[in-house]
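Asker: model this:
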Amino acid sequence: MSQVPCYTIINSPDLEVPNEMQLKQDLEKGDTNVKIETLKKVIKLLLNGERYPGLIMTIIRFVLPVQNHTIKKLLLIFWEIVPKTSSDGKLLQEMILVCDAYRKDLQHPNEFLRGSTLRFLCKLKEPELLEPLMPAIRACLDHRHSYVRRNAVLAIFTIYKNFDWLVPDGPELIATFLDTQQDMSCKRNAFLMLLHADQERALNYLASCIDQVQSFGDILQLVIVELIYKVCHANPAERSRFIRCIYNLLNSSSNAVRYEAAGTLITLSLAPTAIKAAAGCYIELIVKESDNNVKLIVLDRLIAMKENEHMEKVMQDLVMDVLRVLAAPDIEVRRKTLALAMDLVYSRNINEMVQVLQKEVAKTHNVEHEDTGKYRQLLVRTLHTCSIKFPDVAGSVIPVLVEFLSDTNELAAVDVLIFIREAIQKFPALRALIIKHLIEAFPQIKSSKIHRAAVWILGEYVEGAQILEVIAAIQQTLGDIPMVDAEQRHLAGDQSEEQLQQQQQSGSDANNTTNSSNKVTSDGTYATQSAYSLAPVAKKEKRPPLRQYLMDGDFFIGAALSATLTKLALRYAELQPDARTQNRVTTQVMLIMSSILHLGKSGFPTKPITYDDSDRIMICLRTLSERTPEAVAVFMHDCRDALGKMLDAQHEEDQRMLKEKQRATAKVQPDSPVCFAQLSNGRDNQLGENVFESSLNQALAGTKNAQISDVSSPNNKLNKVTQLTGFSDPVYAEAYVNVNQYDIVLDVLIVNQTNDTLQNCTLELATLGDLKLVERPQPVVLAPHDFCNIKANVKVSSTENGIIFGNIVYDTALNTNVVVLNTIHIDIMDYIIPASCTDTEFRQMWQDFEWENKVTVNTTFTDLHEYLKHLLKSTNMKCLTPEKALSGQCGFMAANMYAKSIFGENALANLSIEKPVDDPDSKVTGHIRIRAKSQGMALSLGDKISSSQKQSVQAA
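Answerer: Okay, the predicted model is just below:
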């Protein structure tokens, strides 16, 4: 069955179907405005599937002769969409009258009418209508107005493409026309026709004016770039003839031309000069273009260039140019730029890159913007990566980053400490420098979390004379010791001063000399105000930072301080042979710890100390007093060893991910052809991929990674076929569900299983969830045992499980029948892709997201790891917990999982499962907590997990 042409869809939500007689009356006797409104109504009804064959003659008689421009424009739409053939496929007789009317419009003195009629003729697919109009169309090529001429070229182009026998000399006609034209839009359309219809003539024209291409308009330059691209891909020997022209177009005044020329250049040549020129052009476009979407698109092109190993080596020298993009204010542009620069940087230009990043860090100070904190975090992470990748620059980076510790943005400060922790472990030569700067910054830190981590690093790595310096810095940020006595003195001092004031006031009251002040009221009289009527203003005492944390009830920092002080005292005892000096430091440290304990139980802080923190401090005191070898070994050696193992595990995980990525890019299929340079025609190794073919693959497949072979393979289609009716129903239907990124295409096969002709067989669909039906499918007529395919488009707007349901309605000779269809469930997995994030980002999102769905584990799996693999496969999520943390058998497993949707929504999951170790046949139990920003995402993911569990149980 032939497909109905696709038209512009006009939305008409609440359209009432009027009487055909009323429409005829309005078209016959109404004035111009009534005719316009009625014609609009008829067009909407036709687009919604209604049929009014009786209206055609009425419109020809009463509307077609009207000279109103609005009516003329509406009639063009009407004649485009109205059925022009009878049921047997022959052209309607009335269309001959329409053809005559349009022949007159093509000769009309008004250029707008001529041009719009020519545009309409581009959409006609009936050669019987077009043949009588050909002389008039040709005559329009010589019209004085460029609007008419350029539309005449387009009309001849489409007619030649569809029915070349109507205009056999089309290319020759247009080539002659092109030589005489001065208007750029006419030249562009004429050149476009030659490009597709007769490339040889197009090439001859381009060769004759190749030196003037720079002066052409951008619309013509774009078509020239396309021609060069296609010609060089078809015949690589032509590259030398036209590549200079592409180089020149990189300097075009139009950004669109420069973008296309750069893309064409790198597919035609992998020479270093070509790669540098194209990359430089892309960078210039990003810097100069103000639209963030354009910046991101061009950045993606640069990142794609970097993926090619030949181009990556050349692009390494352009790192400093890439960093110019950081001037853009958008955080996403900056993130991609820093990632690209980090991938390209190498030992020769790392110092220059670090200097630029340090300047960027300086710029973020005293700048208040919603994304400033995120940008600082990005800069810190990039400098961190630079220092680990190139240890030589770590010395210059550390002083800059330590300044962030006193920053109010806790995220950047946390990243700085993560960097310092890794650097101090991996680079022993820098420890003295790091410790020095950390001690200097210690009093200025404003966050309990940052202080806690800084205290741990100092306690673990300080050595020699710096031990006493650190203890003094800690004591300075704690204030007077013992703290309870200091707080009591402070409180007692305030009370005694108040009593003294009261005594003075009572004494003066006895002498009738109360201090008062005269005030002038609003009516001009004097009033007296006594000091007794003034409420005392409470002043909040400013305490040292560590003391303030403890007074606010945060005794976790107290436990961390105790562990650090214990390490410092033990290490000092190893270095100092004098017992008295050892004891002095130890007693000083123990006094601080006992003071923290006493403060926690005194009632002064807003919250008392927890039992956990109290026990930790007691363990530290006991370790210092008893000094058992096991406890001393834990404080002196085991903590640092644990950190080393954790950093090694992280490094191994990063290396594993890098190897997987490299393996994926270097994968060659077993049946891939082997290319021999001596036997190839020069195209395989010299030219890049054909961007037209790759974009076509992407459009058909819906994703970048899918291939055209995957889309067309029968197995792929069979997996997505859903049966909608039973085999015994009078009408059998099944649907092939093709899910693209933002829409779903239903290709429904309908089979008439009866001996009757089914009239007005209509597929009626409705949706549930965030799905929207784009257009109503057209009714069809099915002969006995005939079949047809009907396509329907459904728009998707968010990640939720959607349902499509409906029925098939058809008329027979006796009555109207309805067949109810089976529901089609749209799987959420088509929109979810695995993603990764840091532990800090995961925790932050877990805290921010308000929707939680808890799913109980109900499965036949008896192995914890097998269940995790099954869960990751069925939910498309990625496990963030490292492999080493999950290894071994302990009867319990906890793992974090993360995924993103194509709409940018985040989905988090926490798996907590267990099974008895002594019973190998017992089933896995536990629960999965899902968190998302939207309710639909959390519920849909929970439903998916539940359904996958049911399937596994049923299979077992």
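Asker: only C-alpha atoms from now on, for both contacts and neighbour counts.
Answerer: Fine.
Asker: for the residue nearest to S874 when sequence neighbours are not counted, give its distance to I96.
Answerer: Distance criterion CA to CA, 6 or more residues apart in numbering; nearest residue to S874, sequence neighbours excluded, is S948 at 6.6 Å. Computed as CA to CA, to the nearest Å, the S948 to I96 distance reads 62 Å.
Asker: one more: R301?
Answerer: In terms of CA to CA, R301 sits 52 Å off from I96.
Asker: who has more neighbours, the two?
Answerer: Legend: neighbour count by other CA atoms under 10 Å for R301 and I96, higher for R301 (17 against 13).
Asker: touching the one helix or strand that one maps to from outside, list them.
Answerer: Per DSSP states H and E, R301 falls inside helix 292-307. For helix 292-307, the surrounding residues in contact (CA atoms under 8 Å, 6 or more residues apart in numbering) are 279, 282, 285-287, 289, 311-312, 315, 330, 332-333, 336-337, 340, 344.
Asker: how about the secondary structure of D648?
Answerer: Secondary structure state of D648, per DSSP: H, G, I helix; E, B strand; the rest coil, is helix.
Asker: what about it, how many residues nearby?
Answerer: 12.
Asker: go on, the one 10 residues further on?
Answerer: Using other CA under 10 Å, L658 is surrounded by 12 other residues.
Asker: and the angle for the helix or strand harbouring it with helix 292-307?
Answerer: Taking DSSP H and E as the definition, L658 sits inside helix 639-665. Angle, helix 639-665 to helix 292-307, by axes from the mean of the first three to the mean of the last three CA atoms, to 10 degrees: 90 degrees.
Asker: for the record, mean pLDDT for helix 639-665?
Answerer: The average pLDDT for helix 639-665 rounds to 72.
Asker: shift numbering so it begins at 656
Answerer: All set: I'll call the first residue 656, so the last point we hit is now helix 1294-1320.
Asker: chain center to it: distance?
Answerer: Remark: helix 1294-1320 is offset 26 Å from the chain centroid, using CA atoms, centre = their mean, to the nearest Å.
Asker: also stretch 1588-1603?
Answerer: 21 Å.
Asker: pull out the buried positions in it.
Answerer: For stretch 1588-1603, burial by neighbour count (16 or more other CA atoms under 10 Å) applies to 1588-1589, 1591-1601, 1603.
Asker: and for stretch 978-993?
Answerer: Those would be 978, 980-981, 983, 986, 988-993, for stretch 978-993 by 16+ other CA under 10 Å.
Asker: of all those residues, which two lie farthest apart?
Answerer: Comparing every pair within those by CA to CA identifies L978 and I986 as the most remote, at 13.8 Å.
Asker: distance of the closest residue in space to I930 that isn't next to it in sequence relative to E944?
Answerer: The shortest distance from I930 to any non-neighbouring residue, by CA to CA, 6+ apart, is to I921 (6.0 Å). The gap separating I921 from E944 is 21 Å, by CA to CA.
Asker: of these two, which one has the most company?
Answerer: I921 (22 against 14).
Asker: doesn't A1218 fall inside a strand?
Answerer: No: assigned with three-state DSSP, A1218 falls outside any strand and is helix.
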